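Trainee: structure for the following, please:
(chains A, B and C)
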Amino acid sequence: MMRKTTNWTSTILIALGSLLILFPLYMTISIALKNPEEMAVSIFSLPTGLHFENFRNAIEATNFFNALKNSVVITVISVVFILLTNSMVAYAIARNMKDKFFKVLYFYFISAMFIPFQIIMLPVVKVTTDLHMNNIVGLIILYVVYGLAFNIFVYVGYIRSIPYELEEAATMDGASTWGTYWKIIFPLLAPISATIGILSCLSTWNDFMLPLILLGDQNSYTLPLVQYVFQGQFGTDFNLAFASYLLALTPMVIVYLFAQKWIIGGITQGAIKS
Amino acid sequence: MMKKVIKPMLAGVLAISLLSACGNNGNSEGASSGKVEVEFFQGKAEAKATFDKLITKFNEANPEIKVTQVNPPDAETVLKTRVAKKDIPDVVGMGATDTFSTLSKSGLFEDFTNDPLIKDIQPAYLEMLTNMTGLTEMNGVPFSTNANGVIYNKAIFKELNLTIPKTWDEFMAVAQKVKDSGQNAFYLTLKDAWTTLSIFNPLESNIVGLDFFAQRAAGTVTFKDTYREVAEKQLKVLDFAQKDVFGKNYNDGNTAFAKGESAMYLQGVWAIPEIQKANPAIELGVFPFPSTNDATKNKLVSGVDTLLTVAKSSKHKEEAKKFVAFLLQPDNIKQYISEQKAFSAVTGVTQDDASVADLKESFESGNLVDFADHYIPAGMKVETIFQEFLQKKDIDAYLTKFDTEWDKISNRK
Amino acid sequence: MAKRRIAFYLMTIPALLLFFTFHTFPALQGIFYAFTNWDGFGESYDFVGFKNFVNLFKDENVINSYIFTFKYAIVVTILINVISLLIALGLNAKIKFKNFFRGVYFLPNILSVLIVGFIFNYLFSNVLTTWGAKMGSEFLSQNILGNADWAWIGIVIVAVWQGIAFNTILYLAGLQTIPKDLYEASNLDGAGKFREFISITFPLLASFFTINMVLAMKSGLMVFDQIVALTGGGPGRSTQSIALLIYTGGFQGGEFAYQSANAVIYFIVIIVISVLQLKFLQKREMDM
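Mentor: Sure, this is the predicted structure:
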């Protein structure tokens, strides 16, 4: 009964639409590979000689590998800690919702989702500096702490759908609360953790504002922040600027190419489950 | 079972402490080798490389001191945040802007009034600083100065047989001739709001004058009654510009002017290195913007491009001042101004580049006037008011807005 | 049992303390400063009561930024939802290279908003203008970002280009939850495509529609990175969003206290809108 034939109208429309998505990226790559003389001939045409010197210059000028290292360190450590700590807090809350303290705590955390970041922007800079945390470590702590609002919302919803029986059995066997969480609950959270991990990874990697206001030392700048600096320094050299944009975008695109199914699957899962 | 939880936690804590150790490495190393670290904070992206060279030279000559340069984007904002954190850099290099004036009033910088460092500085620039801050203290040492005028393409001027205009009428006649030849007289880059200032500053300083701002603050005058001529001339310039003036930014303008797309370019001398980068062969010159029809009254807009100052809170004031003194040495400032196409605030050091030869007369006769926008509170974001006015072209609405915005800011105090 | 309780407290209290220190405490400080005249860096300040709040309502720049932000957020929310729903329907149909296209449409979501903004900034000023000139259109040969009346459309285009990715995936997830036999039943009845969508697909997507509307609206109201990269709030102040005004005024303009008051108002507005939106959309969900 099912229609097995390909729907060609949809295929063509989807294909045309995807050109609109790909065009700006094609332009980025082609401008990054040209030199100013080729640009003068035509902006659109394919580059004739590949000007990899744009990349060499961009790497040198922005200290690319240092920024890459910073971005990777910040993102990886933040995501690991978000997954470990936020799920644990959510577990404690989800299993004690009848207790007033935990119930208040739940609403306290999730209400922060509505607070615009601008209101805490300058005070938080003062607080972190007083604690000597205006560096990468401080930035990671802020990402982990600020993740709480949304992640607790998602984790609590998910944990409440997990039946108590498993835990009760474990408690009977003499497992501690920590043990139960770590051995029973955390593995069960894997699908939703994947979703939260992906979302946190993307938002941390691409964040611009928090590094901008928090990081003092230029050696700890992240990739997007370095691009912002780049804007001023490269003036009229668009090819150089685009080479640098492309370099900054590439690491995540490579990850995406390999993990695409997993990333989209993770978000799809999260959307259906929560 | 506890072990299983604790293990990853420990690993994490370890990772973080390792990280912070990495972060501190630089400092502790510096301390252990007995070097005094001096942080030099400056906001001019164009000048980063030049300062780096000078810093290397200084560090080699002073092995006990290590100066490091910090050059963030949006430097004035970063500086203000760092002031809020009470983490003021040892040495600050910045423009003589409203931010400098506000920070000076907060008493954050050293007083150089009796300091030998200002002995060789041209008095005109010292005066500009105190006029602007309104303080008796001298909170900075003028280092390099700049000029904002009309950059012109010598080849086009020759081809059309044009001479440098001395009055507003001559200026407009030149623009008309270029236009008649089918070329653009000006290349305006109004997508970047700040570039509207290169039109406003010479007009304000020469037609109205800087004393106006004190009177405005006292409430004896209004923009509406005083600024009509300035407003009309701001608009007039648009008649001779290229298409899509609001769609082009500063970088576009530098490239376009370098390619000969306009005969004149209303910018400061800081644009010259950028233009020459885009076309090393271009022959260009700069003349003062002729704002009025009295040639003797048309002064060149020139201000303190970079001033150097030392934080009161610095732990290494002596070393910081040593670095400032080093930058002010004639051969060092000479290197700076020749690479940056700037002018020197130090007496006796001159800019000899051919491109700015036409300005020599103004500098020698001291026929200079400061940037008017430095006297307007930064909170007004006056450049966005100009940008809107040039697009809407409504003089009355513009002047009314100027007055209400000014009052709004002063009411906030 | 007591041991269990202690463990639960140990799991939450460190997080509570950190959260209070780095989120609640600064937020309270922000509210506190809203009643002062602190400039953000000076040594001293005075209490001024509600003066900042009164001035906000008289400030044309503030009112304009609210108008711009709402206009922008509403248009972006509608466009993103309509387009991503269409794409999701297309991707859910029997098409060739389904996984490839799905991958392409999600791609913008992994890219940095700031860098995408820089790239589009260049395309608007140098590529679209060239096309416009070739087509002989005076309007299109000018940079849309330089036009006070149209610049906001440029920002909308970039936000939609990037924003549809995430919502498409959510709609696609929703479409996959709809059992296929429902359609088969309607096929037998000979229901048309459009009717099929209205009577089967859309009602079953209602909860996804709610999430997507709320998410798109919220990010629309917070718009910042795109504007920094595209217009910086110009021409004039025509594309200055609330977030940008608070940032520039608070940090650059030395009006920290004043903009803190603005942030407090902004906070109230966001809460009111979120609550209204959820109430309205959930009620509709029920009705369907």
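
Trainee: number of nearby residues for A:Lys100?
Mentor: By other Cβ atoms under 10 Å in any protein chain shown, the residues close to A:Lys100 number 9. In short, each C-beta sits where N, CA and C put it, glycine included.

Trainee: distance of it relative to chain C?
Mentor: In this structure, A:Lys100 and chain C are 13 Å apart, going by Cβ to the nearest Cβ, to the nearest Å.

Trainee: how near is that residue to B:Asn71?
Mentor: A:Lys100 sits 53 Å away from B:Asn71, going by Cβ to Cβ, to the nearest Å.

Trainee: please apply the same query to B:Lys297.
Mentor: B:Lys297 is 39 Å from B:Asn71, where distance means Cβ to Cβ.

Trainee: other SSEs contacting the helix or strand where B:Arg82 lies?
Mentor: B:Arg82 is part of helix B:75-84, with elements assigned from DSSP states H and E. Judged by 3 or more Cβ pairs under 8 Å, 6 or more residues apart in numbering or on different chains; DSSP states H and E, the packing partners of helix B:75-84 are helix A:121-130, strand B:36-42, strand B:91-94, helix B:98-105.

Trainee: pLDDT on stretch C:194-201, on average?
Mentor: Stretch C:194-201 shows a mean pLDDT of 78 in the predicted model.

Trainee: circling back: which one's more surrounded, B:Lys297 and B:Asn71?
Mentor: Between B:Lys297 and B:Asn71, counting by other Cβ under 10 Å, B:Asn71 is the more crowded of the two (22 against 13).

Trainee: quick one, what contacts the more buried one?
Mentor: With contacts defined as Cβ atoms under 8 Å, 6 or more residues apart in numbering or on different chains, the neighbours of B:Asn71 are A:218, B:41-45, B:48, B:51.

Trainee: look at the closest residue to C:Gly132 other than its chain neighbours and report its pLDDT.
Mentor: Among residues not flanking C:Gly132 along the chain, C:Leu140 sits closest, at 2.8 Å (Cβ to Cβ, 6 or more residues apart in numbering or on different chains). pLDDT recorded at C:Leu140 is 79.

Trainee: distance of C:Leu140 relative to chain A?
Mentor: Using Cβ to the nearest Cβ, we find C:Leu140 at a distance of 16 Å from chain A.

Trainee: and if you look at B:Ile395?
Mentor: Here B:Ile395 is placed at a distance of 34 Å from chain A (Cβ to the nearest Cβ).

Trainee: and what of B:Val346?
Mentor: Using Cβ to the nearest Cβ, which is the criterion applied here, B:Val346 is 27 Å from chain A.

Trainee: dihedrals phi and psi, that residue?
Mentor: When read as degrees, to the nearest 10, the backbone of B:Val346 gives phi -80, psi 130.

Trainee: does it have beta-bridge partners, and which?
Mentor: Each beta-bridge partner of B:Val346 is listed here, defined by DSSP bridges: B:Ile121.

Trainee: tell me if the host helix or strand of B:Leu54 is near chain A.
Mentor: Secondary structure here is read from DSSP H and E; on that basis B:Leu54 sits in helix B:48-61. Yes - for a cut-off given as Cβ under 8 Å from any Cβ of the partner chain, helix B:48-61 has contacts with chain A, namely B:Lys48.
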